[in-house]
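K.L.:
The sequence isn't on hand, but the structure is:
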Ligand SMILES: [Zn+2]
């Protein structure tokens, strides 16, 4: 059946646990995402070290790519000439791109928000030059040229990249921003989001746009921002901006926003990847998450393990000497390629020897672990056992 442009996107929560956790189906032209779901970061057009086929075999439903990085290298026009992101990456499933603003602002304002989210960047040089009503002026880390990222140019770039779900430009305020600054920035972001929506309507492509809820740590601003996103024609809503100075505050803000958000738009929580925080978010009604954590951890020797097996960190560092002669797989019950074929000792050796295969194997395991975790979470919600699922996984909600 031919579907009209835009009609290929839908979201329907199909099961809601008494706690507020929900399971739904998010339909895109590249397939349907069963939620809650995790988006793995293919920052520069690749899930580092893995082919798209390997990422698929790990049970992955949806990935994201970063507009900032891709617009500088290889450039959005080049991606379009290579057939768009899906074709270029050989990824046939759903995909999201961000606006490009997050990298500019987090590197410009300092990495506080990213540190809390466990998403430390590479603040090698001051990236953000200034913010004006037009957009964000920044210095490229490639060549040092000065560029303007405007709401319109971000949408134009994302149209060329061709991901299914796109985000409008917003200002990611730092944690230390005071109320006056955060209020001004939130309202400027709203004006940018409306311009993004306008540009989105002017252009064509099989894509759906999310609105971003800003407001920092201030409840009234968050409420205002939820109402803004709820009343405009955004397909979904993303929770952005500063989520506070520590984990407790972050959870408070997520719960606060979820209490005010539009009830039926799919909800994405930007940049949160710890299992405890994910369970808390799902319990508040968040549908999708993204974070570089599982794949970045893999590159540094970290294997994600069930909370009961780790010492609070949620992972084992296989570079640790205690694994050198360990003949067991990371997790005998895990069906991933790494757990079926490699011992902890072998992966330890690969890291010691500087072989990139070690990071690849851990990425395969970590992605598989997260996908199985989300599949189990969906099953628990469907069965009305969400709280029990959290308890089993060490999270008392
Ligand atoms: Zn595994």
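P.N.:
Arrived safely, thanks for sending. None of the values given here were measured: they were computed from a predicted structure.

K.L.:
all helices for the stretch 1-150 of the chain, in order.
P.N.:
Remark: helices assigned in the stretch 1-150 of the chain by DSSP state H, counting those that start in this stretch are 52-57, 67-72, 76-81, 84-89, 101-109, 112-116.

K.L.:
would JSON lines of these with mean pLDDT, distance to residue 194 and mean neighbour count be doable?
P.N.:
For the C-beta atoms, the positions are set from N, CA and C on the backbone; glycine is no exception. Below are these laid out as JSON lines (pLDDT from 0 to 100; distance: least, C-beta to C-beta, whole Å; neighbours: other C-beta atoms under 10 Å):
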{"stretch": "helix 52-57", "mean pLDDT": "98", "distance to residue 194": "35", "mean neighbour count": "16"}
{"stretch": "helix 67-72", "mean pLDDT": "92", "distance to residue 194": "19", "mean neighbour count": "23"}
{"stretch": "helix 76-81", "mean pLDDT": "98", "distance to residue 194": "23", "mean neighbour count": "16"}
{"stretch": "helix 84-89", "mean pLDDT": "98", "distance to residue 194": "26", "mean neighbour count": "19"}
{"stretch": "helix 101-109", "mean pLDDT": "78", "distance to residue 194": "15", "mean neighbour count": "24"}
{"stretch": "helix 112-116", "mean pLDDT": "40", "distance to residue 194": "24", "mean neighbour count": "19"}
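
K.L.:
For the ion, which of these is the nearest?
P.N.:
Closest approach to the ion among those (C-beta to the ion): helix 52-57, 11.8 Å.

K.L.:
Now do the closest one: which elements does it pack against?
P.N.:
Contacting helix 52-57 under the criterion 3 or more C-beta pairs under 8 Å, 6 or more residues apart in numbering; DSSP states H and E is no other helix or strand.

K.L.:
For that helix, give me every contacting residue.
P.N.:
40, 47, 63, 89, 90, 91, 92, 93, 337, 364, 367 (C-beta atoms under 8 Å, 6 or more residues apart in numbering).

K.L.:
give the contact list for residue 66.
P.N.:
41, 43, 44, 97, 98, 100, 103.

K.L.:
Please tell me how far it sits from the ion.
P.N.:
Note on residue 66: its distance to the ion, by C-beta to the ion, to the nearest Å, is 27 Å.

K.L.:
How far away from the center of its chain is stretch 156-170?
P.N.:
Remark: stretch 156-170 is offset 15 Å from the chain centroid, using C-alpha atoms, centre = their mean, to the nearest Å.

K.L.:
sorry, back to before: please pick the buried ones from the contacts of helix 52-57.
P.N.:
40, 47, 63, 89, 91, 93, 337, 364, 367 (16 or more other C-beta atoms under 10 Å).
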